[in-house]
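A.B. asks: no FASTA, just this:
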């Protein structure tokens, strides 16, 4: 085994210099992304984050998401006013990133270096994946080793500090690299390096936070809410992979284990070898959780990271003649690409080539591109036109439920979002309370447009349930259309108590999974149900190492029809309205007017399989009446 990082630069031939220049240019151009206009669907969060930058909203106090205050730079869904900073990032920032990645490979020798650079070029269109790899790559080659020039460490810290504000997961990756690097240097008593890494990263992190227009006082709340979102993600967003995808993942994990063994057997100090293994394992685990918690197209990111990071590790720890033994992992990752999504498997090469050939012209004709963007924006606005909604709200502040906020921005409506602005991401009690507190405050918008849609076949009344409860008390129905219900804030004095403080207990049930239980009568009032689903220690371990398996709520209505919904354990303990049963904005409007369109009589909580019984304790169901929501029976409900 060669000593780690023994592949020092051996000088460049006259032929290699222009080839490196061309490779750098190709890597830069392939990574450039010129954005499109906002969309009205699930991807509206792009536009909300861009708008948050334009409106100078503060992360933590005003807004919280999986992306940070600089995350908008990597997204689409732009407005014309934000194009200037986007152009600067894509032209200058991506060029500096390309130069950094090429420089980080300078210690690698032979054809494998060019193989890695080629992979980086065709992977550049996937920015989030490239950024994640960059954090781990720079941590491995420029922070962890002892004999690294100060300026390389500084460049690595600059990128880690910058990317920490793109996505919260990049912040976690960066902190893992930093802690492990500091521990490695402390083991060998390089205290000056340890201090320089700690204070250098902290200074860059804070400088980037302030440069993004954020306030230091909001940083603790931003970290708290981001941790809430991260910790709840496995419980709320899990999707099971196909069998073939999981089998290939097991193949890749075996290769990762073999690389860890090779790292331990390599030369170099024990501290360095342990540090490399710790850094690799933490980065692999983060990639695993990113890919296989919601195992749809997210799985691509796991294979991407393992392919690239595996190639890098073989060059760090193995002589060139031995590195080929681990190249089967490349085959496994390519197979994973094809199984995950055949389109993504070829997207990188096709898009990289298209950008390399197209962007030299586009970047020298940005005015023409901007004109085409403006035309595309106008076309998207026409397709998403909501003339009645825009006329009704005028210039007043408006929020939209549950996730199609792009409609507001495309219609030039004054968007005043709740902090966790897409309801399917408010999946823990703390996040639900954050939105409910917003609607109980003076910051709440004048209007709310309800378009209650969900993902993963969830129960719509569960999404943002605490905020919806405050809205039901503090707003009146202003208009109802087939596409939305418009609510307007009441002019009267706000209630002195929170909605939950006014609920009245009416029953408790302890059913087994699969056992039917009835919704108790509430004397003409709406019924609030809280479901305590407590995981066992094995369920918690499963959620940590893989992802959670969520129970289903099966609802029986008065006509004996049944519907099945996914309920989120971290969300349903906070409660939701179950009578009236809210499946659309029309149901919510009827509830506010004292009607129940489809009375629920019975429910049961089911698991996907008998094996899931080991993951959960027996559920506890609590029912409450809501005295401020009077409900007539369907037969006696007032007519329109």
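C.D. replies: Nice, thanks for sending it over. Keep in mind that this is a model prediction, so the values were computed, not measured.

A.B. asks: please make it C-alpha for all contacts and neighbour counts, starting now.
C.D. replies: Will do.

A.B. asks: what residues sit buried inside stretch 615-634?
C.D. replies: 615-617, 619-627, 629-633 (16 or more other C-alpha atoms under 10 Å).

A.B. asks: run the chain-centre distance for it.
C.D. replies: 31 Å (C-alpha atoms, centre = their mean, to the nearest Å).

A.B. asks: please apply the same query to stretch 351-371.
C.D. replies: 29 Å.

A.B. asks: what's the answer for stretch 289-309, then?
C.D. replies: That offset, for stretch 289-309, works out to 13 Å (C-alpha atoms, centre = their mean).

A.B. asks: compute the first-to-last residue distance for it.
C.D. replies: Distance across stretch 289-309, first residue to last, is 16 Å (C-alpha to C-alpha, to the nearest Å).

A.B. asks: quick one, domains of the protein?
C.D. replies: The chain breaks down into these domains under automatic domain parsing: 127-218, 237-340, 387-630.

A.B. asks: mind putting those domains into TSV with distance to residue 111?
C.D. replies: Shown next, in TSV, are the domains of the chain (distance: least, C-alpha to C-alpha, whole Å):
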stretch	distance to residue 111
domain 127-218	19
domain 237-340	9
domain 387-630	37
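
A.B. asks: okay if I get those as JSON lines plus mean pLDDT?
C.D. replies: Formatted as JSON lines, those follow (pLDDT from 0 to 100):
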{"stretch": "domain 127-218", "mean pLDDT": "97"}
{"stretch": "domain 237-340", "mean pLDDT": "89"}
{"stretch": "domain 387-630", "mean pLDDT": "92"}
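
A.B. asks: related to what we said a few turns ago, which ones among the buried residues of stretch 615-634 lie within strands?
C.D. replies: Among the buried residues of stretch 615-634, DSSP state E puts 620, 621, 622, 623, 624, 625, 626, 627, 629, 630 in strands.

A.B. asks: this structure: strands as residue ranges?
C.D. replies: Under DSSP E, the chain gives strands at 398-401, 447-450, 475-480, 485-489, 504-509, 517-518, 525-532, 552-557, 562-566, 576-579, 600-606, 620-630.

A.B. asks: nearest to residue 303, of the ones you listed?
C.D. replies: strand 562-566 (28.6 Å; C-alpha to C-alpha).

A.B. asks: which non-adjacent residue is nearest residue 349?
C.D. replies: residue 122 (4.9 Å; C-alpha to C-alpha, 6 or more residues apart in numbering).

A.B. asks: next one: residue 63
C.D. replies: residue 419 is the one closest to residue 63 (C-alpha to C-alpha, 6+ apart), at 4.0 Å.

A.B. asks: list the residues that contact that neighbour.
C.D. replies: 60, 61, 62, 63, 64, 434, 435, 438 (C-alpha atoms under 8 Å, 6 or more residues apart in numbering).

A.B. asks: same check, this time on residue 288
C.D. replies: residue 302.

A.B. asks: cool, residue 123 as well?
C.D. replies: Contacts of residue 123 by C-alpha under 8 Å, 6+ apart are 130, 348, 349, 352.

A.B. asks: before we move on, back to that, for residue 80, which of the domains of the chain is the nearest?
C.D. replies: domain 387-630 (11.8 Å).

A.B. asks: pull up the distance across that closest one, start to finish.
C.D. replies: First-to-last residue span, domain 387-630, C-alpha to C-alpha: 33 Å.

A.B. asks: how far does that domain sit from its chain's centre?
C.D. replies: 21 Å.

A.B. asks: from the ones in strands among the buried residues of stretch 615-634, which is closest to residue 178?
C.D. replies: Nearest member of those to residue 178, counting by C-alpha to C-alpha, is residue 620, at 43.1 Å.

A.B. asks: one step back: quick one: closest of the domains of the chain to residue 97.
C.D. replies: That would be domain 127-218 among the domains of the chain, by C-alpha to C-alpha, at 8.4 Å.

A.B. asks: residue contacts, the residue nearest in space to the middle of the chain?
C.D. replies: Against the mean C-alpha coordinate of the chain, by C-alpha atoms, centre = their mean, the closest residue is residue 66 at 4.1 Å. By C-alpha under 8 Å, 6+ apart, the contact set of residue 66 is 167, 168, 169, 226, 229, 230.

A.B. asks: that one and residue 33, how far apart?
C.D. replies: 21 Å.

A.B. asks: likewise residue 224?
C.D. replies: Residue 224 is 31 Å from residue 33, by C-alpha to C-alpha.

A.B. asks: please say which of the two ends up with more neighbours.
C.D. replies: It is residue 33, of residue 224 and residue 33, that has more neighbours when counted by other C-alpha atoms under 10 Å, with 23 against 14.

A.B. asks: spatially nearest residue to the more buried one (excluding sequence neighbours)?
C.D. replies: Closest to residue 33 by C-alpha to C-alpha, 6+ apart is residue 90, at 6.7 Å.

A.B. asks: mind pulling up the pLDDT for the one you found?
C.D. replies: We note a pLDDT of 97 for residue 90 in this prediction.

A.B. asks: same question, the one 4 residues further on
C.D. replies: Each residue has a pLDDT score; the one for residue 94 is 97.
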